[in-house]
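K.L.:
Here's a sequence, model it:
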Amino acid sequence: MRPEPSRRFSVAPMMDWTDRHCRFFLRQLSQHALLYTEMVTTGALLNGDSERFLRHSEAEHPLALQLGGSVPAQLAACARLAEDAGYDEVNLNVGCPSDRVQNNMIGACLMAHPALVADCVKAMRDAVGIAVTVKHRIGIDGRDSYAELCDFVGQVSEAGCRSFTVHARIAILAGLSPKENREIPPLRYEVAAQLKQDFPHLEIILNGGIKTLDECHQHLQRFDGVMLGREAYHNPYVLAAVDQQLFGSHAPRLSRTEALERMRPYIARHLADGGALHHITRHMLGLGQGFPGARRFRQLLSVDIHKASDPMLLLDQAAALLGGR
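P.N.:
Residues are numbered from 1 along each chain as shown. From the prediction side, this is the model:
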């Protein structure tokens, strides 16, 4: 069995973004960051094409599967599928605020049902040997007191969960969109810090609004790990310094050009299998930031790509714009 992954630095699960191509690309930039899949619902895994949802490259490890669901037996069955497929961790989503998942008792609405979440965690832990973790908010509308947060973490930890990733905002389920829920409720890092103080035996990972490695260093004074979301996607080159700065690696930092070059064999295989170049390059646009020609770089890989007769030649043109950076 694989050792439990380090959660010192991780990239958040993000719907429509952290697919297998995105994760393979991010892995080129950091060997140590823990990567998460998009949230996969238990229904999709048990009733759909589970092989497609679980598909990943060995190179993506350390790798966690995030599940959405609230039926203990179904989550246990999905956790077994994840373990059989080689994932290093299974994470339960108790943070997503979208209407679609609320209606299926998935995501942040589960914060109102700590006993059910505890049952879900226990069922998964009984089913697998890999780590079972939870990602949650600091509260939801109508249940946003610190006492209620402690009740949630307390019950779920008693079921055997030892690692909690805390998005340090409440989720407002009535009236705000998922995008608004990432921006309007204020960040309250002090609430997450109090949680770590009151549950010192638990691993508490901070998520929400973190943008730089300097901020990561500061938060790691109080927390066991940090999780970046949109910043890691829109500015992926931040990951190139993670191994050296946060994990003490002595490996040389990868340049943008080297990151692009490392993707070439993967892209060539995907094209040979009948895939489209934009399936992969849409996740790489963030490499084009902060240098002359960056805008043209992004244009090549997002617009010109759809009319290119030779996709690999287009990749060469994009690489030339990086100029060895």
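K.L.:
use CA for all of it now, contacts and neighbours both
P.N.:
Will do.
K.L.:
and residue 167, helix, strand or coil?
P.N.:
Put simply, residue 167 is strand when judged by DSSP: H, G, I helix; E, B strand; the rest coil.
K.L.:
pLDDT weak spots in the chain?
P.N.:
Low-confidence segments of the chain (pLDDT under 70): 1-2, 100-103.
K.L.:
Tell me which stretches of it form strands.
P.N.:
Counting by DSSP state E, the chain has strands at residues 9-11, 34-41, 63-68, 89-94, 131-140, 163-171, 203-207, 225-228.
K.L.:
in its sheet, what does the fourth one sit against?
P.N.:
Looking at strand 89-94 with DSSP bridges, its partner strands are strand 63-68 (parallel), strand 131-140 (parallel).
K.L.:
With mean neighbour count and distance to residue 296 as extra columns, can I get the ones you listed in CSV?
P.N.:
As requested, the strands paired with strand 89-94 are exported to CSV (neighbours: other Cα atoms under 10 Å; distance: least, Cα to Cα, whole Å):
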stretch, mean neighbour count, distance to residue 296
strand 63-68, 25, 33
strand 131-140, 25, 38
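K.L.:
Switch the strands of the chain over to JSON lines; also include distance to residue 279.
P.N.:
Shown next, in JSON lines, are the strands of the chain (distance: least, Cα to Cα, whole Å):
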{"stretch": "strand 9-11", "distance to residue 279": "19"}
{"stretch": "strand 34-41", "distance to residue 279": "15"}
{"stretch": "strand 63-68", "distance to residue 279": "20"}
{"stretch": "strand 89-94", "distance to residue 279": "25"}
{"stretch": "strand 131-140", "distance to residue 279": "27"}
{"stretch": "strand 163-171", "distance to residue 279": "29"}
{"stretch": "strand 203-207", "distance to residue 279": "27"}
{"stretch": "strand 225-228", "distance to residue 279": "22"}
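K.L.:
For residue 264, find the nearest of these.
P.N.:
Nearest to residue 264 among the strands of the chain is strand 34-41; the distance by Cα to Cα comes to 21.0 Å.
K.L.:
Any buried residues in the longest helix along the chain, and which?
P.N.:
Ranked by number of residues, the top helix in the chain under DSSP state H is helix 256-272. Within helix 256-272, the residues that qualify as buried are 256-260, 263, 267, 270, counting by 16 or more other Cα atoms under 10 Å.
K.L.:
Residues contacting it, please?
P.N.:
25, 28-29, 237, 276-277, 280, 287, 312, 319, 322-325 (Cα atoms under 8 Å, 6 or more residues apart in numbering).
K.L.:
Buried residues, stretch 162-180. List them.
P.N.:
Of the residues in stretch 162-180, 162-173, 176-177 count as buried by neighbour count, 16+ other Cα under 10 Å.
K.L.:
Show me the contact partners of it.
P.N.:
Taking Cα under 8 Å, 6+ apart as the rule, stretch 162-180 contacts 95-99, 108-109, 132-141, 144, 181-182, 185-189, 191-192, 202-208, 227.
K.L.:
likewise stretch 139-156?
P.N.:
If you take Cα under 8 Å, 6+ apart as the criterion, stretch 139-156 is touched by 108-109, 111-112, 114-115, 117-118, 121, 138, 169-174, 191, 195.
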